[in-house]
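Undergrad: Using only what follows, build the 3D model:
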Amino acid sequence: MHTVAIADGWYRHKGAPALWAEDDLHEEANHWLRWDIMATSTSPNTWALAAHSIKMWLDWCSIMNTDWRMASRDCLLEWRDAQLQSVSPKTGEPYSPNTVRVRMLYVLRFVDYATAQGWYDGTIPVDPATRLHYSSIDDDPLAHTRKGASVTASQRNKLLPKNKDTDVVDILRRSELAALFAQVGPRPTERDPTNPATARDWLVLGIPAFTGLRKSELLSLTVHPFQAIVVDQDKPFLSYDITVLGKGNKTRAVSFPGWLVSDIQTYIHSERARAVNKRRKRESQLLLVQDTHPRSGQPLKVGGVNDIVERTMVAAGLVAEKLVLDPDTGERTIRSAPRYSIHSLRHTYAVHAYHAHRAAGETAPWKLIQMQLGHKSPRTTMEIYLKYVHLFNEKKADVDLLHLLDRG
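TA: Numbers count the residues shown, from 1 in each chain. Okay, here's the model as predicted:
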């Protein structure tokens, strides 16, 4: 069987995965990870996902007594079907078709790369366009004639499980949003210094809820843009544009209301400054940092954000019971889990912002929301949210969403 080791930064790039076949490094898989995956993505999460997907594929080939270099199309389809019938040990629920689809896409990408390198000679269809990306005509004048060159992308897509509708739009109602924020205390500009809740935790929830940022975008925010703003205290609803690094490393301007900028500045100069001062190393410029010893002042990670959101959801009573299956024992149990995720706050922003803009007289609210969320077109935004807006009409005239924190 195979294992994946993640580098801690001591001798290899921090977060870099290495795939082992028992006591030996898997040369071809690691070559692919280094020169394809890590060369085209800066995300350690993406690297790890790719590595674990290939690990599972190589394990399957071993179980089936198949050399991965000669693995067949049928072998890949059997792996697909086995996953769709398996239960995740983490969630106790069957793997979703979307999860299996992502894993298969990495396997197909590995097969493309391995074919171009001359390592693979099985019958899994190879995308000629992808292969030509890895092997230029100058290096291989007959690359377009190799096995699989006639296979189209649509034919390859037939191998993949069909996507379920992943755009499940979970939206917090006004009472739920107020209950959630009650667990993290008053806003940073309004809290008593003795309040045990942290301003950082408020911002982890507040920034997505009132700007629509994705989790990755939240974690990429830095202190400098906020430090440069002079907020007009007489106009707390006036917006200020902050450049955000979004999907595909593309930047866009996102509007932050003045009152939220003030909250962020309060955090920077108080709680964040204290956490950073405890750290003797060079200060991180990322906005959100950890606040407990021995990691005080270090950047907050994805796991930390997830923990804050899940813990606060549970404390607010925003949970749902799910029937889950233990894959080892076959026993079914009921497990409580947060009803919403941090991405739900992005959805919540979109729907409530729509009503706020409409109530303020805006004739094209979807265009504004599309630009804020970073969708390619207003049509994308409308297709996701249009069927939900009539369910969550708050009928408020404020163009700002701060009123949603009121319980009344």
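Undergrad: The stretch 301-408 of the chain: helices as residue ranges?
TA: Ranges of helices within the stretch 301-408 of the chain are 302-315, 342-359, 365-373, 378-385, based on DSSP state H, counting those that start in this stretch.
Undergrad: So which of the ones you listed is the most surrounded?
TA: Among the helices of the stretch 301-408 of the chain, helix 342-359 has the highest mean neighbour count (mean count of other C-beta atoms under 10 Å), at a mean of 22. Quick note: C-beta positions are derived from backbone N, CA and C, even for glycine.
Undergrad: then that one to PDB, C-alphas only?
TA: Provided in PDB are the C-alpha atoms of helix 342-359 (Å, rounded to 0.1, in the frame of the first residue of the first chain):
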ATOM      1  CA  ILE A 342     -18.700  29.400   6.400                       C
ATOM      2  CA  HIS A 343     -19.800  29.300   2.800                       C
ATOM      3  CA  SER A 344     -23.400  29.600   4.000                       C
ATOM      4  CA  LEU A 345     -22.400  33.100   5.200                       C
ATOM      5  CA  ARG A 346     -21.500  34.000   1.600                       C
ATOM      6  CA  HIS A 347     -24.800  32.800   0.400                       C
ATOM      7  CA  THR A 348     -26.600  34.700   3.200                       C
ATOM      8  CA  TYR A 349     -24.800  37.900   2.200                       C
ATOM      9  CA  ALA A 350     -25.900  37.500  -1.400                       C
ATOM     10  CA  VAL A 351     -29.600  37.000  -0.700                       C
ATOM     11  CA  HIS A 352     -29.900  39.600   2.000                       C
ATOM     12  CA  ALA A 353     -27.800  42.100   0.000                       C
ATOM     13  CA  TYR A 354     -30.200  41.600  -3.000                       C
ATOM     14  CA  HIS A 355     -33.200  42.800  -0.800                       C
ATOM     15  CA  ALA A 356     -31.200  45.600   0.700                       C
ATOM     16  CA  HIS A 357     -30.300  47.000  -2.700                       C
ATOM     17  CA  ARG A 358     -33.800  46.600  -4.000                       C
ATOM     18  CA  ALA A 359     -35.300  48.300  -1.000                       C
END
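Undergrad: could you give the angle of that helix to helix 302-315?
TA: Counting by axes from the mean of the first three to the mean of the last three C-alpha atoms, to 10 degrees, helix 342-359 points 70 degrees away from the direction of helix 302-315.
Undergrad: which secondary structure elements does helix 342-359 contact?
TA: Where contact means 3 or more C-beta pairs under 8 Å, 6 or more residues apart in numbering; DSSP states H and E, helix 342-359 is packed against helix 199-211, helix 215-220, helix 302-315, helix 365-373, helix 378-385.
Undergrad: could those be laid out in a markdown table, adding distance to Ile264 and mean pLDDT?
TA: Shown next, in a markdown table, are the helices and strands packed on helix 342-359 (distance: least, C-beta to C-beta, whole Å; pLDDT from 0 to 100):
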| stretch | distance to Ile264 | mean pLDDT |
| --- | --- | --- |
| helix 199-211 | 6 | 96 |
| helix 215-220 | 12 | 94 |
| helix 302-315 | 16 | 94 |
| helix 365-373 | 17 | 88 |
| helix 378-385 | 26 | 78 |
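Undergrad: Asp24: which of those is closest?
TA: helix 302-315 (30.6 Å; C-beta to C-beta).
Undergrad: Give me the contacts around the closest one.
TA: Residues outside helix 302-315 that contact it (C-beta atoms under 8 Å, 6 or more residues apart in numbering) are 45, 180, 183-184, 201, 204-205, 215, 218-219, 288, 290, 319, 336, 338-342.
Undergrad: who touches the host helix or strand of Asp74?
TA: Assigning secondary structure by DSSP states H and E places Asp74 in helix 73-84. Helix 73-84 has contacts (C-beta under 8 Å, 6+ apart) with 56-57, 60-61, 64, 66, 94-95, 97, 99-100, 103-104, 107, 122-125, 159-161.
Undergrad: hmm, back to that, got JSON lines for the helices and strands packed on helix 342-359, with distance to His52 too?
TA: As requested, the helices and strands packed on helix 342-359 are exported to JSON lines (distance: least, C-beta to C-beta, whole Å):
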{"stretch": "helix 199-211", "distance to His52": "27"}
{"stretch": "helix 215-220", "distance to His52": "19"}
{"stretch": "helix 302-315", "distance to His52": "16"}
{"stretch": "helix 365-373", "distance to His52": "29"}
{"stretch": "helix 378-385", "distance to His52": "29"}
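Undergrad: Can you say which of the ones you listed is nearest to Trp35?
TA: Trp35 lies closest to helix 215-220 among these, at 24.1 Å (C-beta to C-beta).
Undergrad: Next secondary structure element downstream of that closest one?
TA: Moving toward the C-terminus from helix 215-220, the next helix or strand (DSSP H and E) is helix 224-227.
Undergrad: about what we covered before: mind putting the helices of the stretch 301-408 of the chain into CSV with distance to Thr194?
TA: CSV is the format used below for the helices of the stretch 301-408 of the chain (distance: least, C-beta to C-beta, whole Å):
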stretch, distance to Thr194
helix 302-315, 19
helix 342-359, 27
helix 365-373, 36
helix 378-385, 41
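Undergrad: Any idea which of these gets closest to Gly15?
TA: helix 302-315 (11.5 Å).
Undergrad: And the helices of the stretch 301-408 of the chain: which comes nearest Arg282?
TA: helix 302-315 (20.1 Å).
Undergrad: got the angle for the closest one vs helix 199-211?
TA: On the basis of the same axes, to 10 degrees, helix 302-315 is oriented at 80 degrees to helix 199-211.
Undergrad: Quick check, pLDDT for Tyr95.
TA: pLDDT for Tyr95: 84.
Undergrad: what do you get for Asp326?
TA: For Asp326, the model assigns a pLDDT of 65.
Undergrad: same question, Arg12
TA: Note for Arg12: predicted pLDDT of 59.
Undergrad: now swap in Ser43 and tell me
TA: Ser43 carries a pLDDT score of 82 in this model.
Undergrad: now do Thr166
TA: On the pLDDT scale, Thr166 gets 49.
Undergrad: The one 4 residues further on now?
TA: At Asp170 the predicted local distance difference test score is 84.
Undergrad: Check Ala21 too.
TA: The model reports Ala21 with a pLDDT of 90.
Undergrad: Brilliant, that's me finished.
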